[in-house]
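**Student:** prediction below, plus the sequence it came from.
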Amino acid sequence: MKIVLIIIASIFVLAASYFLYENSLGSIPFLLASFILFFLVRRMSKKSKLEERKDTQGK
């Protein structure tokens, strides 16, 4: 189910990006993508730090 939502969201984002590029607003999708990627990497970093702390405390 999660994969289906990701595919639907990706299609929507691609369509919106195409619309914005046609109206000379092509920098907006890049700005939004940079925010999304920043928060994804931040969340992944927090998860890895928590796992690392659990590993060091368990030893």
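**Tutor:** Perfect, thanks for sending it.
**Student:** low-confidence ranges in the protein?
**Tutor:** Where the chain drops to pLDDT under 70, the residues are 58-59.
**Student:** which parts of it are helices?
**Tutor:** All helices of the chain, identified by DSSP state H, fall at 2-22, 27-58.
**Student:** between the shortest one and helix 27-58, how many degrees?
**Tutor:** Helix 2-22 runs at 150 degrees relative to helix 27-58, counting by axes from the mean of the first three to the mean of the last three Cα atoms, to 10 degrees.
**Student:** run through who's touching helix 2-22.
**Tutor:** Helix 2-22 is contacted by residues G26, I28, P29 when judged by Cβ atoms under 8 Å, 6 or more residues apart in numbering. Glycine gets a C-beta too; all of them are placed from N, C-alpha and C.
**Student:** most neighbours out of those, which is it?
**Tutor:** Neighbour count (other Cβ atoms under 10 Å) singles out P29 as the most crowded of these, with 17 neighbours.
**Student:** which residues sit in contact with it?
**Tutor:** Counting by Cβ under 8 Å, 6+ apart, P29 makes contact with V13, A16, S17, L20, Y21.
**Student:** buried among those? Make that a PyMOL selection.
**Tutor:** In PyMOL, this line selects whichever of those come out buried by 16 or more other Cβ atoms under 10 Å:
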select buried, resi 17+20
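**Student:** which of the contacts of P29 lies closest to S45?
**Tutor:** S45 lies nearest to V13 out of the contacts of P29, by Cβ to Cβ, at 23.6 Å.
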